[in-house]
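**Q** quick one, what's the 3D model for this:
(4 chains)
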4 protein chains.
Amino acid sequence: MAREPINVGILGATGTLLSTHPYFKIHALGASSRSAGQEYAKVTKWKLASPIPEDVKKMVVQECKSENFKDCGVVFSGLDHDVAGDIEAEFRKAELIVFSNAKNYRRDPIVPLMVPLVNGDHLSVVRHQQKELGLKKGYLVCNANCSTTAVVVPLKALEVAFGPLQTVNVVTMQAISGAGYPGVSSLDILDNIVPLIGGEEEKIEWETLKILGGVNADDTGFEYHASSPLVVSAACNRVPVIDGHMACVSVKFAGKAPTPEEAEEAFRKYTSEAQKLHCPSAPPQDIVVHDAPDRPQPRLDRDLHKGACVHVGRVRDDKVLDLKFVCLLDNVRLGAATSSVINAEIAVEKGFI
Amino acid sequence: MAREPINVGILGATGTLLSTHPYFKIHALGASSRSAGQEYAKVTKWKLASPIPEDVKKMVVQECKSENFKDCGVVFSGLDHDVAGDIEAEFRKAELIVFSNAKNYRRDPIVPLMVPLVNGDHLSVVRHQQKELGLKKGYLVCNANCSTTAVVVPLKALEVAFGPLQTVNVVTMQAISGAGYPGVSSLDILDNIVPLIGGEEEKIEWETLKILGGVNADDTGFEYHASSPLVVSAACNRVPVIDGHMACVSVKFAGKAPTPEEAEEAFRKYTSEAQKLHCPSAPPQDIVVHDAPDRPQPRLDRDLHKGACVHVGRVRDDKVLDLKFVCLLDNVRLGAATSSVINAEIAVEKGFI
Amino acid sequence: MAREPINVGILGATGTLLSTHPYFKIHALGASSRSAGQEYAKVTKWKLASPIPEDVKKMVVQECKSENFKDCGVVFSGLDHDVAGDIEAEFRKAELIVFSNAKNYRRDPIVPLMVPLVNGDHLSVVRHQQKELGLKKGYLVCNANCSTTAVVVPLKALEVAFGPLQTVNVVTMQAISGAGYPGVSSLDILDNIVPLIGGEEEKIEWETLKILGGVNADDTGFEYHASSPLVVSAACNRVPVIDGHMACVSVKFAGKAPTPEEAEEAFRKYTSEAQKLHCPSAPPQDIVVHDAPDRPQPRLDRDLHKGACVHVGRVRDDKVLDLKFVCLLDNVRLGAATSSVINAEIAVEKGFI
Amino acid sequence: MAREPINVGILGATGTLLSTHPYFKIHALGASSRSAGQEYAKVTKWKLASPIPEDVKKMVVQECKSENFKDCGVVFSGLDHDVAGDIEAEFRKAELIVFSNAKNYRRDPIVPLMVPLVNGDHLSVVRHQQKELGLKKGYLVCNANCSTTAVVVPLKALEVAFGPLQTVNVVTMQAISGAGYPGVSSLDILDNIVPLIGGEEEKIEWETLKILGGVNADDTGFEYHASSPLVVSAACNRVPVIDGHMACVSVKFAGKAPTPEEAEEAFRKYTSEAQKLHCPSAPPQDIVVHDAPDRPQPRLDRDLHKGACVHVGRVRDDKVLDLKFVCLLDNVRLGAATSSVINAEIAVEKGFI
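**A** Below is the predicted model of the structure:
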């Protein structure tokens, strides 16, 4: 499928995933006005094991104003939430298409909250978003919180196979990279657990409903799982792991519960729209089910499929609800930028870009 | 209260807690026949931050046979389960009183499974145990698994204040010291989580019922919470923490649930029999409730009250069950030897030793 | 020795060590003007495993101005170097006696740089300091950098026994607590080493000369080891250890080198002035020599003698210089506040307070 | 260069590096008799982040006897030293070519001890080895200890540019993976340093001389740097890092010492025989010099060039010797199997296989 490469802008992030992308070509990098005008390699605090892509190193960083990005077919925002709100709004108003990792507009009733392995169908609401805001081309799509993403992918697979869930209990063990840099002080986390991540439990409990719920009949908004009420309870912990969020999940179905074997089968068979559309950054398998009783483990499994899949293991009956299991995702890839990129790939495939 | 010191024997453990004990005097140390006849300092793999007590260092280690411990008023067993079964039985048969940290006899219907901050009243069943086995003086008492202990103390406080619980969901994050030495390979746990601890979930799910259930009317056995059925579900994880097991717990009450404030009040007011009896190793407060929203934390809190209390924090409503909270205990102290020692102190106070 | 307790002021630090001190009584706490007027428990970011002393918790924090500390017989400064310079100068000018952990005045030719287990004799220079500044009572004494302290104690023991050293090579592996809070980002140090600690190598290379060198004949300054030139080379690394700085040290003597056995003997016999004066916070042994070939280790040894001693192990011949060994100190105790406190105790014993 | 693929046998190791190798084709896997006859995936304790290569997974493991490997053009041995001695000897006797990672024959005066980025020229001695042992085809080549490898590559570059070294001081900080699996207990290394790695210091001090020394005139043995005596002193520490050995190195030259800038230039220009021969597994650059003052760091740098290069940073004057710097290598790749593989590639290129 020989396409014209699409120019992309990147705000407040690294572009690692895009330096050799089949659809996208990095055209502009945005950062704070403090860094603007300098080479990317000079202003970044690069903390990844892979080096900065050569083509990105020498790009001159722009201020995050839409005029500097007007030739971009799509803009990816990895901005911090304290600045993302205004900048993303200004970009959209200037008829730019924005895929954001920030939390600011996730609860906006006309903005899709898309986990690419779950609800690519929510994208249709951007037409209504444009209409509401009087835009022709610009729109905004958010991806979900990283720990929400870990959980909704297997939950979606269960709902597809066995009908709606009624209750979900989640306890997370989250990596330090989820807090950014410098983020978590080493004195807070070496030989320690912090049983609180501000706002995280609320995000899992709320975002899950928007993501797993449908789109309303006329594509103007979301159903928030209202036809079959779903209750989610989350408890979030920071642990001394570098990358990879784990969660212990237990679920109760509205209808008849599957056996663990049936659930495993459903996880393995699950195929997201991203996969069906052959999005280039989608994993070859959405959910990797582990047979070894002590897997998945963050250090050993997070790198599989370039961190773009979700791992599930220890699927078993739950005495309190119906079923329990463990899941894992790479929070810095599928839990962040990879989701935005696949979301945009879905948009390309469906003609929204 | 000037007592005659009671000679104690210690099998397969360190005796750290006893070197300056007001009731107990270390009289004999037992170990494998391979070590027997050598000085303790020579055979131990001491991995504690505190040095070996001077009086223990030079004691000659005995083989674990009852004849070498016949002058001991009480014997503490920290033996591995692969040898504890036979040795503890032989000691009891020789009319010795044994308090064990091993798992072998925890499910025995005539052996008390005692968490000193919870069910000191179970001790009464040792009279029946003696009768059954035709013994005059010897008996065996077990303490619970470390992660069970972390959980049953706050659960007991809730049941005392608000009546029986119906369901309990537990997700643990457990320290490496729980696996002994050498135990967990560093390659398995640095920058990692292992979502399986063999047999641990079953222990929490089963032991909780025996511990929280009552003693039957004629003191001949245990009720296993049968009058008001309780269901416990546990998921256990090993995390890169040295000492201190954390658990995220959610509970549903058989009757009306308390508010988080009422539950906190109940935790604070809870006073175990060990405290009431002024056992010298009992903590001044059984349950320490934390106000800071990010506490308890293993590294910062495990040392309080010499590791003899349980910590609770983040008490809040649970959308799925009724109430949820976080708890922490020092697995190498209250989760192990400290429990055996307080159990024996209770036995002394009640005239069983 | 029944003394009147001496009122002490504490600037920018916790006072943990002083809450039950036999000579000193915490009288006033100083912090930034932002915190002034509030209770200590409200403004501190307490990250220690031991709780805040009860008597300190409710003390109202003062602004760091000498008028708020005028009733203090001695003031301990744990201020950050960016503010310590001006504040300590103002306090001294107001005739207060200041013992500082900050680096600002360490190189001042009239300020003693005192490691209490090494050069208590340098205190005599404060009389000249007073004269130079026209003061009657006030003076300033600094303690050394934490990694310098680890190294100079065993070096002093070697010089006392075998005469001057000629060259010293030091490679450190330093704990994260040395960088303060929040200090080192967990993303920088989990599963990692950072082979640079800004300014640390220069401190070890320079401070060692001032500390190990003598006082000049008329007590007006320091000799900087000039009579027998000493060259020190240091390479400093940050490692994922919470508390405890390790160093691999190799040394060459100006004269005949001792055997490893002779050196060990010298380490064991070494007795500092702080010990001889029976300073209450001095360790019972200045240098603890380890026989086990894999010791000292930070986690297992840092707590010995309340962190007030230096540990030495693996004393052996060096093929390049003469002798090599490993040393360890608790950087948050003898490497910081404990040094200031013992320095002040020496001053009390010698009549300088 | 279209070659016939060479069948290789692998003893006691994973073959990860060879599953897509341009010269070599995995033909047979050897393990203990306990595992023999089973599929590789069943018997391995795979602890790598990358999955087992599909073609290796189902291979049936053979007992380590030469008859099972007689069709192999080369055999790679990753056996433990307790069995490597006999097995490797038996293989060589059966006219097999063996490249070993084990330590058993490193000091053998007719066995090359080859670090592929340093002394490919030592390979010539295998002709004499064959003659001595009456062999036509079989011979044995060892690669060096992992920490030796980290150090000799930059030392070689310095000797090539500035002539022989006189003294070298090395202090290592070594990763846990260097001890194999289960290897280091997590209780020994979390929040800790162990200042002893048994036998490691002797290996660095001795192997360096054999590797950096030349081959004698008639290719029958090694010169051990005898023409210009070299003295090496090493101190080795285990630190809580997963992969990547760091070393702080200081050196003195027999002749005039270079400036740090000249040394950096020499590191950058250094080109090993492996590179010149275009060995497929050789790194594009032997030594990567870091400009950032806080690099190299294990977590951020070990993956560069697939772990096949050595990193150098902080090149600066040393007050005690002449020059000091930091170096890093990936101990599980260039420090182990990668070295064996490149050694064999050199042998292929030079016609020894």
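**Q** right, and A:Asp71 touches A:His27 too?
**A** Yes - assessed by Cβ atoms under 8 Å, A:Asp71 is found in contact with A:His27 at 6.3 Å. For the C-beta atoms, the positions are set from N, CA and C on the backbone; glycine is no exception.
**Q** all helices for chain A, in order.
**A** Ranges of helices within chain A are A:40-43, A:54-57, A:81-93, A:126-133, A:146-162, A:186-189, A:200-212, A:260-269, A:273-276, A:298-301, A:338-349, based on DSSP state H.
**Q** could you dump these into CSV with mean neighbour count, mean pLDDT and distance to C:Val151 added?
**A** As requested, these are exported to CSV (neighbours: other Cβ atoms under 10 Å in any protein chain shown; pLDDT from 0 to 100; distance: least, Cβ to Cβ, whole Å):
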stretch, mean neighbour count, mean pLDDT, distance to C:Val151
helix A:40-43, 16, 82, 37
helix A:54-57, 14, 80, 41
helix A:81-93, 18, 96, 44
helix A:126-133, 16, 98, 64
helix A:146-162, 25, 98, 44
helix A:186-189, 24, 97, 24
helix A:200-212, 22, 98, 44
helix A:260-269, 17, 98, 57
helix A:273-276, 19, 97, 58
helix A:298-301, 25, 96, 36
helix A:338-349, 25, 97, 48
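**Q** tabulate those helices (CSV), appending distance to chain B.
**A** Below are the helices of chain A laid out as CSV (distance: least, Cβ to the nearest Cβ, whole Å):
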stretch, distance to chain B
helix A:40-43, 27
helix A:54-57, 27
helix A:81-93, 20
helix A:126-133, 30
helix A:146-162, 13
helix A:186-189, 8
helix A:200-212, 7
helix A:260-269, 14
helix A:273-276, 26
helix A:298-301, 4
helix A:338-349, 20
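**Q** out of those helices, nearest to B:Tyr181?
**A** The minimum distance between B:Tyr181 and those falls on helix A:298-301, with 22.1 Å, by Cβ to Cβ.
**Q** near chain C, anything from the closest one?
**A** No - remark: helix A:298-301 sits outside contact range of chain C, by Cβ under 8 Å from any Cβ of the partner chain, the gap being at least 9.0 Å.
**Q** quick one: residues in contact with that helix.
**A** Outside helix A:298-301, the residues that touch it by Cβ atoms under 8 Å, 6 or more residues apart in numbering or on different chains are A:175, A:241-246, A:288, A:290, A:295, A:311, A:328, B:190-193, D:47-49, D:242.
**Q** on that earlier part again, which neighbours do A:Asp71 and A:His27 share?
**A** A:Asn7.
**Q** who has more neighbours, the two?
**A** More crowded of A:Asp71 and A:His27, by other Cβ atoms under 10 Å in any protein chain shown: A:His27, with 18 against 9.
**Q** up against chain C, what does chain A have?
**A** A:47, A:176-177, A:181-191, A:240, A:242.
**Q** which stretches in chain A count as strands?
**A** With DSSP state E, the ranges of strands along chain A come out as A:6-11, A:24-31, A:61-63, A:74-77, A:97-100, A:139-142, A:165-174, A:231-238, A:245-253, A:287-289, A:310-317, A:323-329.
**Q** the least confident helix or strand in chain A by mean pLDDT near chain D at all?
**A** One helix or strand of chain A scores below all others by mean pLDDT, DSSP states H and E: helix A:54-57, with a mean of 80. No - Helix A:54-57 does not reach chain D (Cβ under 8 Å from any Cβ); its nearest approach is 13.3 Å.
**Q** check which helices and strands that helix sits against.
**A** strand A:24-31, helix A:40-43 (3 or more Cβ pairs under 8 Å, 6 or more residues apart in numbering or on different chains; DSSP states H and E).
**Q** closest one to chain D among these?
**A** helix A:40-43 (11.0 Å; Cβ to the nearest Cβ).
**Q** and that closest one, what does it pack against?
**A** Looks like helix A:40-43 contacts helix A:54-57 (3+ Cβ pairs under 8 Å, 6+ apart).
**Q** restricting to C-alpha, output the helix it packs on in CSV.
**A** Extracted C-alpha coordinates of helix A:54-57, given in CSV (Å, rounded to 0.1, in the frame of the first residue of the first chain):
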residue,chain,number,x,y,z
GLU,A,54,19.7,10.3,14.1
ASP,A,55,17.1,12.2,12.1
VAL,A,56,15.6,13.6,15.2
LYS,A,57,18.8,14.6,17.0
